[in-house]
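K.L.:
sharing a model prediction with you, sequence too.
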Amino acid sequence: MPRTPASERVRDAERTRAELLQVATEAFSEDGYSGARVDEIAERTRTTKRMIYYYFGGKEGLYLAVLEAAYRGIRSAEQGIHAADLPPADAVRRIAELTFDHHHEHPAFIRLVSIENIHRGEHLHKLDSLRDLAAPASTLLEEVLERGRDEGVFRDDVDAVDVHMLISAYCVFQVANRSTFGYLFDRDMADPDVRARHRRILGDAVVAWLTA
């Protein structure tokens, strides 16, 4: 019987791992760490519970991999911004809009962050790699802020983490409170027109704050 080429085995392993991460992301974001079950995740994929332990070492290893992949997703998106090619105000608006779009398109990320905060970052603290992942985000913003200060268009009493927090707070609220806020005020937060207006408000607010 012919042997499967090594390159094909590698691709199969990568596909299996990617599928497990995708299904586990949905499971953990919906049911939390305690509620999600490894055997159910295995049933929803084309693999077995044994393979989850083979690739990730167990439930906690799988959850940590899901968290890291979720944060890596937003960091990867940020790297696609060519901020140096834009005027400072346009660049910071672009960063805010990209964050807004990413969070709306990845609600599972917001749920995972919320779950981690409920548990006081218990698992997040085990991922030193996330500190390294966070560095490019603050560096990107700091470079834009520095250019804006040098050009005399940005205030000089805020730093990159301040701006990042403002953007994140607005974007996370949009997704995390979509059901409750939308019900209380009878507004469809996912409506394209509402979403476009809120996206524009975020960019206006950040730029206005920095240029005040």
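P.N.:
Great, that's in hand.

K.L.:
where are the low-confidence patches of this structure?
P.N.:
1-11, 136 (pLDDT under 70).

K.L.:
which secondary structure elements does the top helix by length along it contact?
P.N.:
Taking DSSP state H as the criterion, the chain has its longest helix at helix 6-35. Packing partners of helix 6-35 (3 or more Cβ pairs under 8 Å, 6 or more residues apart in numbering; DSSP states H and E): helix 38-43, helix 49-56, helix 59-78, helix 107-118. All C-beta atoms are positioned from the backbone trio N, CA, C, and that covers glycine.

K.L.:
now the angle from that helix to helix 59-78?
P.N.:
Taking axes from the mean of the first three to the mean of the last three Cα atoms, to 10 degrees, one finds helix 6-35 and helix 59-78 inclined to each other by 110 degrees.

K.L.:
quick check: angle from helix 6-35 to helix 49-56?
P.N.:
In terms of direction (the same axes, to 10 degrees), helix 6-35 departs from helix 49-56 by 100 degrees.

K.L.:
and the helices and strands packed on helix 6-35: which comes nearest Phe154?
P.N.:
helix 59-78 (19.1 Å; Cβ to Cβ).

K.L.:
which parts of that closest one are buried?
P.N.:
Neighbour-count burial for helix 59-78, with 16 or more other Cβ atoms under 10 Å as criterion, is recorded at 59, 62-71, 73-75, 78.

K.L.:
can you give me the buried ones in the helix or strand just after it?
P.N.:
The helix or strand immediately downstream of helix 59-78 is helix 88-105, counting by DSSP states H and E. When neighbours are counted by 16+ other Cβ under 10 Å, the buried residues of helix 88-105 are found to be 88-89, 91-100, 102-104.

K.L.:
check which helices and strands helix 88-105 sits against.
P.N.:
The elements that helix 88-105 packs onto, with contact taken as 3+ Cβ pairs under 8 Å, 6+ apart, are helix 59-78, helix 107-118, helix 129-150, helix 160-176, helix 192-211.
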